[in-house]
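A.B. asks: Mind folding the following:
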Amino acid sequence: MKTIQRNIDRNGGLESLKENPIKVKNPPFMDLVIEYVGEGPRGFPMVSVAHYGRQNGDLMRDLDVVFEVGDAEFREDAWGPISFRNDYARIDQVAVFKDEKGQVMINPQLVLKLKDFARLWDRNLEAQGFDKKDVEVEKF
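C.D. replies: Next comes the predicted model:
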């Protein structure tokens with residue numbers, strides 16, 4: 001998720017993201033929201049990357065992928081997908097979680113599927129200009 005990492009770095013890094021979510025406005029595309037959502041199942045920071053839309057006045061995740069960011073320095077494998085959600089399609093998948101005993105449980109097939117999706121999404125976000133320095137960024 002190089003595109004997301006560049007946006008985080010350009011806006012103060014992960015520590016800043018913990019206090020200030022980022023909304024990247026890049027018309028005509030849906031806003032891209034990047035936010036820190038807590039500690040992941042393996043103890044690393046979790047970051048949600050989402051497009052939001054509205055349906056009947058309600059906010060809907062057009063898609064939301066939560067990643068566990070395992071290294072302060074960017075490496076492609078540092079962004080481990082945890083979950084995927086699309087409210088319009090009624091999809092909610094969890095690939096990595098802690099069970100009731102505190103043991104980390106991993107669905108390796110879903111992790112691989114989400115990694116493939118994340119690579120494609122990252123290329124699309126970059127091609128759509130979401131990491132350009134002149135896009136409007138709103139901290140909220």
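A.B. asks: What separation is there between Asn124 and Phe97?
C.D. replies: Distance, Asn124 to Phe97, using CB to CB, to the nearest Å: 27 Å. Every C-beta, even on glycine, is put in place using the N, C-alpha and C of the backbone.
A.B. asks: do Phe84 as well
C.D. replies: Using CB to CB, Phe84 is found at 13 Å from Phe97.
A.B. asks: out of those two, which sits in the busier spot?
C.D. replies: Comparing Phe84 with Phe97 by neighbour count (other CB atoms under 10 Å), the higher total belongs to Phe84, at 20 against 14.
A.B. asks: helix/strand/coil for the more buried one?
C.D. replies: Classification of Phe84 using DSSP: H, G, I helix; E, B strand; the rest coil returns strand.
A.B. asks: contacting residues for it?
C.D. replies: When the contact criterion is CB atoms under 8 Å, 6 or more residues apart in numbering, the partners of Phe84 are Leu63, Asp64, Val65, Ile91, Asp92, Gln93, Ala95, Leu114, Phe117.
A.B. asks: now swap in Leu125 and tell me
C.D. replies: Contact analysis of Leu125 by CB under 8 Å, 6+ apart lists Thr3, Ile4, Leu32, Asp131.
A.B. asks: now do Pro41
C.D. replies: Pro41 touches Glu68, Ile82, Val96, Phe97, Lys98, Val104, Met105, counting by CB under 8 Å, 6+ apart.
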